[in-house]
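K.L.:
Prediction below, plus the sequence it came from.
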Amino acid sequence: MTQDELKALVGQAALQYVTPGEIVGVGTGSTVNKFIDALASIKGQIAGAVSSSEASTARLQSLGIPVFDAAAVGEIAVYIDGADEIDARGYMIKGGGAALTREKIVAAQSRRFVCIADESKLVKVLGAFPLPVEVIPMATARLARQFAALGATAQLRLKDGAPLVTDNGQNILDVRGLQITDPLGFESEVNQWPGVVTVGVFAHQKASVCLLGTLDGVRTLSY
């Protein structure tokens with residue numbers, strides 16, 4: 001089974017966590033795109049969606065699924081999103097698609113976070129995947145030095161040869177060389193650094209459930 005097929009498998013499996021009549025929180029990325037495609041098959045049963053990125057909003061709307069502004073709705077029943085890494089406790093690294101800030105906002109607004117991923121994303125210790133950190137542009141050099149003091153290397157993410165600009169008008173630092181053994185503590189610490197908008201460790205907004213695509217089918221991990 002290809003990775004694309006595994007993503008489609010978990011995207012379809014996530015439909016069981018969607019509450020009829022409710023608004024669904026929808027994340028960003030290639031695995032989530034498979035979920036959006038599956039969600040279109042039951043779009044008449046839901047009120048609509050709150051999206052974590054302009055790309056996901058466009059895909060949802062193209063399939064006829066209404067998209068609401070997060071500020072215009074209350075608590076969301078479930079948020080469904082992928083991860084770049086997830087550990088045995090449900091802590092994650094996210095932000096490979098540069099939507100981490102809005103993803104964290106929608107996750108915080110939701111009662112339940114269902115992570116959909118293929119089994120390659122399950123790790124013992126977070127940090128092998130470069131940690132995305134959304135930052136205010138004027139702070140990038142200083143924040144890179146702060147990560148260097150931890151023994152890590154922070155590199156400005158580029159797109160077409162220029163600094164990538166997020167949906168929020170900010171930049172991304174990708175940080176390599178970390179082993180995040182205390183995700184809760186690490187997230188809390190880096191969040192306090194001036195110039196950090198969002199760090200891509202999702203520990204305070206961790207997964208409630210992970211649907212893991214494996215060659216033997218979908219494996220459900222509950223936290």
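P.N.:
Arrived safely, thanks for sending. Please read these numbers as outputs of a predicted model, since none were measured by experiment.
K.L.:
only C-alpha atoms for contact and neighbour calcs from this point on.
P.N.:
Fine.
K.L.:
How much space separates Leu143 from Gln205?
P.N.:
As defined by CA to CA, to the nearest Å, Leu143 lies at a distance of 23 Å from Gln205.
K.L.:
Spell out which residues sit in contact with the closest residue to Trp193 other than its chain neighbours, please.
P.N.:
Nearest residue to Trp193, sequence neighbours excluded (CA to CA, 6 or more residues apart in numbering): Leu143, at 7.9 Å. Applying CA atoms under 8 Å, 6 or more residues apart in numbering to Leu143 gives the contacts 193, 195-196.
K.L.:
any idea which residue of the protein is furthest from its center?
P.N.:
Ala149 (26.7 Å; CA atoms, centre = their mean).
K.L.:
ok so, going back, where neighbours are concerned, which of the contacts of Leu143 has the most?
P.N.:
Val196 (21 neighbours; other CA atoms under 10 Å).
K.L.:
how is this protein carved up into domains?
P.N.:
Listed by automatic domain parsing, the domain ranges of the chain are 3-123+204-222, 131-197.
K.L.:
for these, which one ends up most surrounded?
P.N.:
Among these, ranked by average contacts under mean count of other CA atoms under 10 Å, first place goes to domain 3-123+204-222 (a mean of 20).
K.L.:
start to end distance for that one?
P.N.:
22 Å.
K.L.:
what distance separates it from the middle of the whole chain?
P.N.:
The chain centre lies 8 Å from the centre of domain 3-123+204-222; the measure is CA atoms, centre = their mean, to the nearest Å.
K.L.:
do the same with stretch 185-203
P.N.:
With CA atoms, centre = their mean, you get 15 Å for stretch 185-203.
K.L.:
Show residues contacting it.
P.N.:
Taking CA under 8 Å, 6+ apart as the rule, stretch 185-203 contacts 90-95, 100-101, 104, 131-136, 138-140, 143, 180, 183-184, 204.
K.L.:
Which members of those residues are positioned in strands?
P.N.:
The members of the contacts of stretch 185-203 that map onto strands under DSSP state E are 92-93, 131-135.
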